[in-house]
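# model the following, please.
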Amino acid sequence: MSDWSDFYKKEIEKGENLQKFVEEKIRRKILLIKKIQKYSSKQGRLLETGCGSGVSCCYFSKLGYHIFGIDKDKKI
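Take a look at the predicted model:
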């Protein structure tokens, strides 16, 4: 496992479940999310660099964006 996958596994184990883990990740990014929503077109294209496990990518996809996530860690 990569360092990041170990990190995510430990973070998930601390919480009660995966849903709470994801909600906390999104809550921490809410200001950024609101700026993106304000200045981008709905169903527009987004690129997230350093996306890690893809939590934000999944969130934006659910909002209707076409999102592409890349990360240099090939193991995650």
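# Cys51 should be in a strand, yeah?
No. Cys51 sits outside any strand when classified using DSSP: H, G, I helix; E, B strand; the rest coil, being coil.
# could you list every residue that touches the nearest residue to it once chain neighbours are set aside?
Leaving aside its chain neighbours, Cys51 sits nearest to Gly69 (3.2 Å; criterion: CB to CB, 6 or more residues apart in numbering). (Glycine included, C-beta is placed from N, CA and C.) Neighbouring residues of Gly69 by CB atoms under 8 Å, 6 or more residues apart in numbering: 47-49, 51, 54, 56-57.
# among those, name the ones in helices.
Among the contacts of Gly69, the members found in helices (DSSP state H) are 56-57.
# picking up where we left off before, name the helix or strand for the residue nearest to Cys51, please.
Assigned by DSSP states H and E, Gly69 falls within strand 66-70.
# buried sites along that strand?
67, 69 (16 or more other CB atoms under 10 Å).
# with stretch 13-20 instead?
Buried, per 16+ other CB under 10 Å, within stretch 13-20: nothing.
# first to last residue in that stretch, what's the distance?
End-to-end distance for stretch 13-20, by CA to CA, to the nearest Å: 11 Å.
# give me the contact list for that stretch.
Residues from elsewhere that reach stretch 13-20 (CB under 8 Å, 6+ apart): 12, 21, 24.
# which one in those is the model shakiest on?
Lowest in pLDDT among the contacts of stretch 13-20 is Ile12, which has 70.
# circling back: render the CA-only coordinates of the strand holding Gly69 in CSV, please.
What follows is strand 66-70 as a C-alpha-only set of coordinates in CSV (Å, rounded to 0.1, in the frame of the first residue of the first chain):
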residue,chain,number,x,y,z
HIS,A,66,-17.6,16.3,-16.0
ILE,A,67,-14.5,15.9,-13.8
PHE,A,68,-11.1,14.4,-14.5
GLY,A,69,-8.9,13.6,-11.5
ILE,A,70,-5.2,12.8,-11.7
